[in-house]
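Novice: kindly return the folded structure for what I paste below:
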Amino acid sequence: MKKPMATLAAAATLAAGAAVLTAPAAQAATISGSAVKYVFCSANPNNNEIIYYDRYGKVDKFVSLTDKVGDSLYCGHVEVGIESDSYVWSAIRNDNSTYVYTAIYDVHYPLFSGSTGAPPQYTLVGRDESHSRYGGYNSAMA
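Specialist: Coordinates of the predicted model:
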């Protein structure tokens, strides 16, 4: 009887460890390109506090998101130049929104992109979203 119990305990420990590994964690991302694109979305277009980092440091401001996506989502983005290997972070908060979302994209410009017209390449490096059925305080961090 001891052997099945030990096996069961080991399986439970592994399952708990796997749950911890798959849970999203809010942490800074490292950018390897020369720019970063931050995307912010909210169910409420007004009074969205967005926070992000550019080459000068932390930017914290309240904005209205003007790009309507679907019936009930408003988005906006900020693209800034940044030193390669920089740590970046973003957040969005709204006291009256049922949904908020933020994402960070590493931006790489192809060699000679100005002369060839090649578009930049965007790689998702972090994202987070939060739902609130009642529309109270809502925040997301990536």
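Novice: okay, now the sheet partners of the helix or strand where C75 lies, with direction.
Specialist: Assigned by DSSP states H and E, C75 falls within strand 73-81. Its sheet considered, strand 73-81 pairs with strand 35-42 (antiparallel), strand 67-69 (antiparallel) by DSSP bridges.
Novice: pretty sure S130 sits against G136.
Specialist: No - the criterion here is CB atoms under 8 Å, and S130 misses it with G136 at 10.8 Å. No exception for glycine: its C-beta is placed from N, CA and C like everyone else's.
Novice: so those two - more neighbours on which side?
Specialist: Between S130 and G136, S130 has the larger neighbour count (other CB atoms under 10 Å), namely 18 against 11.
Novice: need the pLDDT of that one.
Specialist: You'll see S130 listed with a pLDDT of 95.
Novice: can you read off the pLDDT for the closest residue to it other than its chain neighbours?
Specialist: Closest residue to S130 apart from its sequence neighbours, by CB to CB, 6 or more residues apart in numbering: A140 at 4.7 Å. On the pLDDT scale, A140 is placed at 92.
Novice: ok, now which ones touch A140?
Specialist: Applying CB atoms under 8 Å, 6 or more residues apart in numbering to A140 gives the contacts 91-92, 100-102, 128-130.
Novice: likewise for S42?
Specialist: Taking CB under 8 Å, 6+ apart, one finds 48, 65, 73-75, 92, 94, 97, 99-101 in contact with S42.
Novice: mind listing which of those are in helices?
Specialist: Among those, no member falls in helices (DSSP state H).
Novice: D85: neighbour count?
Specialist: 9.
Novice: test my guess that it contacts A29.
Specialist: No - applying CB under 8 Å as the test, D85 and A29 come out as separate, 11.3 Å apart.
Novice: just the strands in this structure please.
Specialist: Counting by DSSP state E, the chain has strands at residues 29-31, 35-42, 48-54, 57-63, 67-69, 73-81, 86-88, 90-94, 99-108, 121-131, 138-141.
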